[in-house]
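> coords please:
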Amino acid sequence: MTPQKNLLALAALFLALLGCNSVKRDPGLTPVTLQTDWYPQPEHGGFYEAQLKGYYRQEGLDVTIVPGGPYVVAEQQVSTGAAQFAMGSSDRILEADSHGESLVAVAATLQGDPQAIMVHADSPVRDFPDLQGRTIAVKPGSTWFEYLIARYQLKGVRETPATYSIANFLQDPNYIQQIFVTSEPYFAHKAGVQVRTLLISNTGYAPYRVFFTSRDYLSQHPDTAARFVRASLRGWRDYIANPLEVNAQLLKLNPAMSLEQMQFTCQALKDGHFIYPDDDPSKTGSFDPGRWSQMYQQLVDLKLIHHPVDPATAYTIQFAGKT
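Numbering: from 1, shown residues only. Alright, predicted model coming up:
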């Protein structure tokens, strides 16, 4: 399937899933909508686990999970009240807050960011300074890319838009592209192409993957937020321990994936220690205030904070605690 046809198929899936979520709410439960950051996949597994196992209902919540996609802006969905919670990243939360959107991260989905750059195994690019003068396929407006340019004083780097496909990578041995280590390497290996990856977090730019709400919603519904976080983190702990049942459900929701691909992603999440800080399940979802302060200063240095904010107001540790 061509990248264009693949995107059309995914768009059709997205619309179908939206239709599936247009169900009558249970009047005895508190309605909550979670906006994810992409189509159903293992990186969302804990939320689907909590829904499948009834953890949300046990907390008195009727949760609808709405899939994202390339054209969905989760921050806007929460700011406008279209969703009460959404998935994102700590750098985006800080940037949004500096623009006046008043968002609050309530827990970490991933302790580490799987964002990376992928090159062919025999590429002369061995580390980030080797990107000097090269062309990289990147999602336009990626903050981490601006950080790389500044951190390593890269000159002559050419940016080309990412295509959500590895078709160009497979055809061009010199191609370099933005990826998640939990996803694209699987397709390269399936095609018989050996790759290497450079994890962006190794540069010192290390955002959390988070789920968040608006400051207004949190102040008006702290108990609902607490219940949602509690059920979600319970779901994440169970999912990582045994993802098989939820992966089967994800396959029904997103038939563009395969069980083999989901197994690859789950193993990558475990191998990369992305879920648990210090491999301690009891710390699932927790934040390190120092990392938030460091991220804020990095964004200030990049001149991406338009109006100063206190980084401590962009997250809360009242539900998931701190490391």
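> How confident was the prediction at the nearest residue to residue 124 once chain neighbours are set aside?
The shortest distance from residue 124 to any non-neighbouring residue, by Cβ to Cβ, 6 or more residues apart in numbering, is to residue 130 (6.4 Å). (Each C-beta comes from the backbone N, C-alpha and C, glycine too.) pLDDT for residue 130: 98.
> what number of residues lie near residue 130?
Residues contacting residue 130 under the criterion other Cβ atoms under 10 Å number 16.
> That one belongs to a strand?
No - using DSSP: H, G, I helix; E, B strand; the rest coil, the assignment for residue 130 is helix, not a strand.
> Near residue 42, how many other residues are there?
Neighbour count for residue 42, taken as other Cβ under 10 Å: 25.
> Hmm, it is touching residue 180, no?
No - here residue 42 does not reach residue 180: they are 10.9 Å apart, not a contact under Cβ atoms under 8 Å.
> Average pLDDT for the helix ranked longest in the chain, rounded please.
In the chain, taking DSSP state H as the definition, the longest helix is helix 222-241. For helix 222-241, mean pLDDT is 97.
> Output the contacting helices and strands for that helix.
The contact analysis (3 or more Cβ pairs under 8 Å, 6 or more residues apart in numbering; DSSP states H and E) places helix 222-241 against strand 30-35, helix 45-52, helix 55-58, strand 61-66, strand 103-110, helix 259-271.
> Make JSON lines from those and add mean pLDDT to it.
What follows is those, written out as JSON lines (pLDDT from 0 to 100):
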{"stretch": "strand 30-35", "mean pLDDT": "98"}
{"stretch": "helix 45-52", "mean pLDDT": "98"}
{"stretch": "helix 55-58", "mean pLDDT": "98"}
{"stretch": "strand 61-66", "mean pLDDT": "98"}
{"stretch": "strand 103-110", "mean pLDDT": "98"}
{"stretch": "helix 259-271", "mean pLDDT": "96"}
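> Residue 224 and residue 231, how far apart?
Going from residue 224 to residue 231 by Cβ to Cβ, to the nearest Å gives 11 Å.
> In terms of packing, which of those two has more residues around it?
Taking neighbours as other Cβ under 10 Å, residue 224 and residue 231 compare with residue 231 leading, 26 against 20.
> residues in contact with the residue lying closest to the more buried one once chain neighbours are set aside?
Using Cβ to Cβ, 6+ apart and skipping residues adjacent in sequence, the residue nearest residue 231 is residue 55, 4.0 Å away. Counting by Cβ atoms under 8 Å, 6 or more residues apart in numbering, residue 55 touches 49, 231, 232, 234, 235.
> how close does the first one sit to residue 236?
Right, the one you point to is residue 49. Per Cβ to Cβ, residue 49 is found 7 Å from residue 236.
> Output stretch 173-183 as CSV, restricted to C-alpha atoms.
The C-alpha trace of stretch 173-183 is given here as CSV (Å, rounded to 0.1, in the frame of the first residue of the first chain):
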residue,chain,number,x,y,z
PRO,A,173,20.6,4.3,1.7
ASN,A,174,21.4,7.9,2.7
TYR,A,175,17.9,8.7,3.9
ILE,A,176,17.6,9.9,7.5
GLN,A,177,14.3,10.2,9.3
GLN,A,178,12.5,11.0,12.5
ILE,A,179,10.9,7.8,14.1
PHE,A,180,9.8,6.2,17.3
VAL,A,181,12.0,3.4,18.3
THR,A,182,8.8,1.5,19.2
SER,A,183,7.5,1.5,15.7
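> can you tell me the average pLDDT over that stretch?
Mean predicted lDDT for stretch 173-183 stands at 97.
> returning to what we had before: any common contacting residues for residue 224 and residue 231?
Jointly contacting residue 224 and residue 231 under the rule Cβ under 8 Å, 6+ apart are residue 61.
> Low-confidence ranges, the chain, go.
Scanning the chain for pLDDT under 70 picks out 1-25.
> Strands along that one, start to end?
For the chain, the strands defined by DSSP state E cover 30-35, 61-66, 85-89, 103-110, 115-120, 135-138, 158-161, 177-180, 195-199, 209-214.
> So which of the ones you listed is nearest residue 284?
Each of these has some distance to residue 284 by Cβ to Cβ; the shortest is strand 103-110, at 8.0 Å.
> Could you check the angle that closest one makes with helix 45-52?
Computed by axes from the mean of the first three to the mean of the last three Cα atoms, to 10 degrees, the angle separating strand 103-110 from helix 45-52 equals 100 degrees.
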